[in-house]
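mind looking at a prediction? Sequence and model below.
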Amino acid sequence: MEQHPLLKAVQESFGINPSLRTRRREVVDVRFAIMVAMRKRGKLTYHQIGKMFQFPIRVDGNLLMKPMSHCTVLHAIKQHEIRYHESPSERMFMYHQYCEVYDFCINYLSDPKFTPTTMAELRESLLLEQMHRKEVEQNFDTFKVQCAEKVKSLEQYIKKIDREYAKLLKEKEHISRAFKQLYNEKKARNEKMVQEAGA
């Protein structure tokens, strides 16, 4: 029996084969999420969904493909309310993967134009994100150095301005004293001239 396209898409996107005969948590979560999505959107019976997940068994020396029981599908549906929450912020950490796979399956079955992300694309996206983050960190470090240099330069400029200002204040005080002295001398001369004229 040929594998259902949804199972192939899930395997390509999440790197987990949902048809494996194992009780490993990640495989069971993926399998249950697909079963519930197929029941809700695929409108299939429990038996039809069970037949999608076939695993090899050996009977009398012959290799046969055995479908999963409809009871497994029924159990998956009963577990859905415990495992799934529509809001990502409300999802339990232990069922995070289950919720992601379920959302993926619902989108896949509901939207004919839905394009799943493969593991290769996901790895490439993560690599690009890491490179971008590293570049941003390097740019930030360079910016920090440039800012430190600018601050140092401004502090030196402020010190220079302070020195020039202090120098101007001294010159102003000197000019003020000189002007006061000239004024007093002129006043004394005028008084002396008035006294001489009166005598």
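Yes, it's here. Numbering: from 1, shown residues only.

what's the neighbour count on residue 143?
10 (other CB atoms under 10 Å). For every residue, glycine as well, the C-beta is placed using N, CA and C.

wait, is it part of a strand?
No: secondary structure of residue 143 (DSSP: H, G, I helix; E, B strand; the rest coil): helix, not part of a strand.

for it, give its distance to residue 189.
Distance, residue 143 to residue 189, by CB to CB, to the nearest Å: 68 Å.

who are the packing partners of whichever strand or helix holds residue 34?
Using DSSP states H and E, residue 34 maps to helix 25-41. Here helix 25-41 touches helix 5-14, helix 46-52, helix 70-83, helix 96-110, going by 3 or more CB pairs under 8 Å, 6 or more residues apart in numbering; DSSP states H and E.

if you set the cut-off to 6 Å instead, what comes out?
With contacts taken as 3 or more CB pairs under 6 Å, 6 or more residues apart in numbering; DSSP states H and E, helix 25-41 sits against helix 70-83, helix 96-110.

looking at residue 125 now. What's its pLDDT?
Listed pLDDT for residue 125 reads 76.

quick one: it from residue 77, how far?
From residue 125 across to residue 77, the span is 33 Å (CB to CB).

how about low-confidence regions in this structure?
Applying pLDDT under 70 to the chain picks out residues 1-2, 116-122, 199.

going by secondary structure, residue 136 is in what exactly?
With DSSP H and E as criterion, residue 136 is part of helix 119-198.

again, but for residue 66
strand 62-67.

for that strand, packing partners?
strand 54-59.

hmm, who's touching the strand it packs on?
Contacts with strand 54-59, where a contact means CB atoms under 6 Å, 6 or more residues apart in numbering, come from 1, 21, 63, 64, 65, 66, 67.

mind doing that once more with 8 Å?
1, 19, 20, 21, 63, 64, 65, 66, 67, 68 (CB atoms under 8 Å, 6 or more residues apart in numbering).

over to stretch 70-83?
Residues contacting stretch 70-83 (CB under 8 Å, 6+ apart): 29, 31-32, 35-36, 39, 45-47, 49-50, 92, 95, 98-99, 102.
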